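*Asks:* A predicted structure for the sequence below; I have some questions about it.
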Amino acid sequence: MLIIMQPQASEANIENVVSFIEKQGFTAHISKGEVQTVIGCVGGKTIDKRNIELLAGVREVVKITSSYKLASRTFKPDDTVLEVKDAKFGGRYAGIIAGPCTIESEAQMEEAAEKLAAIGVKTIRGGAFKPRTSPYSFQGMGEDGLKIIKKVADKYGLAVISEVMEIAQIPLMEKYVDILQVGARNMQNFNLLKELGQINKPVLIKRGLSATIEEWLMSAEYVLSGGNEQVMLCERGIRTFEPMTRNTLDLSAIPVVKKLSHLPVIVDPSHATGLRDKVAPMSKAAIAAGCDGLEIEVHPHPECAICDGAQSLTPDDFDKLYSDINKIAEIVGKELK
Ligand code: PEP
Ligand code: MN
């Protein structure tokens, strides 16, 4: 249920409505827009909406039948903009995340950070806990890796994103990382999502391998309903019958989600295609389609990468791509951050 306040409603009116619905067992989530305030009510028992509509300052009470409420544009008509150090995602900004698939050594991350920062990147990626399909593949450097990525990021003034695979890792991630990534394979790990609803750091939720857009938005709802409003979504390709690319990048998810939701939509063209030569065209297309950021795998020496070398760009390839997407961003009214 959403309570839409009148544009002239006072703070006292809003507080009064919140205390009324909390007494009925609801949790209130407040969205203050440019024009009006909307109060999202989650939980609680069935209530006659007329009792709320009679309260001072209330314009309308809307029952939401969709399975996600706080993620919807009805709750929050304005775009959510997430700011992390110098990076910005959403609204007028497209945040660019780049870096290796996995953290391998300090020398590798130092070289990556130096080159990416010189190009203009504000957020560096690198996995310390890797969700590998085979148990025999490299599983990540763990805390040693997190220490490395934080050290090089601090040196070059970059924000850090890295994947959290389980609840027990959250305190460690909070110590070293600015944005916690939920991998495609964990998109429906509901216990993990609930815990991420309790933290005060942005969470990027990758779309599951075979997840519908509605299922993906419900995963975001888990984090939002826990009280963490800093959520972004990442389209990283879905499973289809087509084996020529690792996955099939669902570019249409960008306008679809942006109409349904206020959350930033990021695109990962690397895991979507699995092949380096497909990354630039898909990145350009995603920016042209209005995404709020890209997450791209870049390795200083892709031929030696422990993980995902074939889909990783060299810093030189990435430099060229960055200047191309900068031009496209300008045409669609976005600024790279
Ligand atoms: C990653 O970004 O490192 C990753 C494992 O991606 P995904 O969860 O999309 O497969
Ligand atoms: Mn990877």
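*Replies:* Yep, that arrived. Ligands and ions are numbered 1, 2, ... in the order given.

*Asks:* what's the distance between the closest residue to ligand 1 within the stretch 151-300 of the chain and ligand 2?
*Replies:* For the stretch 151-300 of the chain, the residue closest to ligand 1 is Gly183, as judged by Cβ to the nearest ligand atom, at 3.1 Å. To be clear about C-beta, it is placed using only N, CA and C from the backbone, and glycine gets the same treatment. As for Gly183, its distance to ligand 2 is 10 Å (criterion: Cβ to the ion, to the nearest Å).

*Asks:* Next: His271.
*Replies:* The value you get for His271 to ligand 2, if Cβ to the ion is used, is 6 Å.

*Asks:* now the helix or strand that contains that residue, how far from the chain's geometric center?
*Replies:* Here His271 is covered by helix 269-273, with elements defined by DSSP states H and E. Taking Cα atoms, centre = their mean, to the nearest Å, one finds the center of helix 269-273 at 16 Å from the center of the full chain.

*Asks:* What is it packed up against?
*Replies:* helix 276-288, strand 293-297 (3 or more Cβ pairs under 8 Å, 6 or more residues apart in numbering; DSSP states H and E).

*Asks:* Residue numbers of this structure in contact with ligand 1?
*Replies:* Contact residues, the chain versus ligand 1 (Cβ under 6 Å from any ligand atom): Cys101, Gly127, Pro131, Glu163, Gly183, Ala184, Lys206, Arg236, Asp268, His271.

*Asks:* If we use 5 Å, what do you get?
*Replies:* Residues of the chain lying close to ligand 1 (Cβ under 5 Å from any ligand atom) are Gly127, Gly183, Ala184, Lys206, Arg236, His271.

*Asks:* Show me where the stretch 151-300 of the chain has its helices.
*Replies:* Along the stretch 151-300 of the chain, counting by DSSP state H, counting those that start in this stretch, helices occupy 170-176, 190-196, 213-225, 253-260, 269-273, 276-288.

*Asks:* The residue in the chain positioned nearest to ligand 2: what's it in contact with?
*Replies:* In the chain, the residue that lies nearest ligand 2 is Cys101 (3.2 Å; Cβ to the ion). Neighbouring residues of Cys101 by Cβ atoms under 8 Å, 6 or more residues apart in numbering: Gly126, Gly127, Lys130, Ser270, Glu297, His299, Ala305, Ile306, Cys307, Asp308, Gln311, Ser312.
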